[in-house]
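Visitor: Just to be clear, the model below is a prediction. Sequence and coordinates:
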Amino acid sequence: MTSDPEVVLSCEGIHRFLGEEENSVHVLNDVSLDLHSQRVYSITGPSGCGKSTLLYLLGLLDRPDSGKIVISGQEVAGLGDSELSLFRNQEIGFVFQFHFLFKEFTALENVQLPMLRAGILSREEMDERAASLLERVGLGNKIHRNAHHLSGGEQQRVAIARALANDPRLLLADEPTGNLDTANSNRVFDVLQNIAREAHLALLIVTHNSQIARASDQIFSMEDGRLLV
């Protein structure tokens with residue numbers, strides 16, 4: 001008998017304003033949600049509705065004006081900037097529309113970058129883990145190929161492997177297939193979905209791709225800064 005998936009992330013009453021006080025825009029308005037391990041979630045909605053802003057807040061790349069965010073049992077509001085950076089590197093993986101790889105680095109070297117920052121593993125351990133992750137995303141035969149010699153879909157899969165480098169509990173993806181053709185979009189989503197199940201992490205995807213949204217376990221729709229469940 002397996003236990004129910006645990007809550008990896010919980011946020012409650014999130015508000016975010018942008019701009020000067022007299023002309024500020026209420027970008028996020030009382031947003032609350034829970035994300036469970038082994039589940040895939042999608043956020044859909046028109047451009048400018050607050051999807052990416054929410055993702056950046058949940059990824060600890062920005063702070064809300066009010067509200068509470070708890071990740072892996074840790075309420076993050078009390079963390080200082082250096083603590084927040086360390087926590088983010090250990091607990092959260094990011095995949096963006098543009099892969100942001102170092103093109104002169106090999107696939108293996110790109111995946112090792114978060115491990116180097118964490119400073120926990122030896123060089124041999126980093127080599128082994130990076131190679132294993134690249135094998136997991138179907139690139140085991142291209143670990144020593146420079147990023148600029150990989151196709152767009154392959155580069156995005158390297159970015160997924162890099163996001164998993166430090167074994168995060170939460171994986172956030174902002175339009176991860178937005179720059180890919182249909183075949184590569186499907187393959188990248190399949191990789192993300194399988195990893196969420198196998199690695200027992202929570203996956204949250206911001207997407208305009210209706211096919212990906214429908215294949216998720218739960219869809220959140222956003223409109224004018226509000227989350228419509």
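Guide: Received the coordinates, thanks.
Visitor: how about low-confidence regions in the chain?
Guide: 1-4, 229 (pLDDT under 70).
Visitor: Go ahead and flag the most central residue of the protein.
Guide: Centroid-nearest residue in the chain: L172, 1.7 Å away (criterion: C-alpha atoms, centre = their mean).
Visitor: okay but it is in contact with V95, surely?
Guide: Yes. Using C-beta atoms under 8 Å, L172 is in contact with V95, at 7.3 Å. Placement of C-beta: from N, CA and C, glycine included.
Visitor: mind listing the helices for the chain?
Guide: 51-58, 81-91, 107-118, 123-136, 152-163, 182-198, 210-215 (DSSP state H).
Visitor: which ones are touching the residue nearest to the centre of the chain?
Guide: Contact partners of L172, counting by C-beta atoms under 8 Å, 6 or more residues apart in numbering, are 55, 58-59, 92-95, 204.
Visitor: If we use 10 Å, what do you get?
Guide: With contact taken as C-beta atoms under 10 Å, 6 or more residues apart in numbering, L172 is in contact with 9, 35, 54-56, 58-61, 92-96, 163, 202-206.
Visitor: hang on, the earlier thing: overlap in contacts, L172 and V95.
Guide: 163, 203, 205.
Visitor: Contacts only, for the second one.
Guide: When contacts are counted by C-beta under 10 Å, 6+ apart, L203 is found next to 8, 35, 37-42, 93, 95, 170-173, 192-193, 195-197, 216-217.
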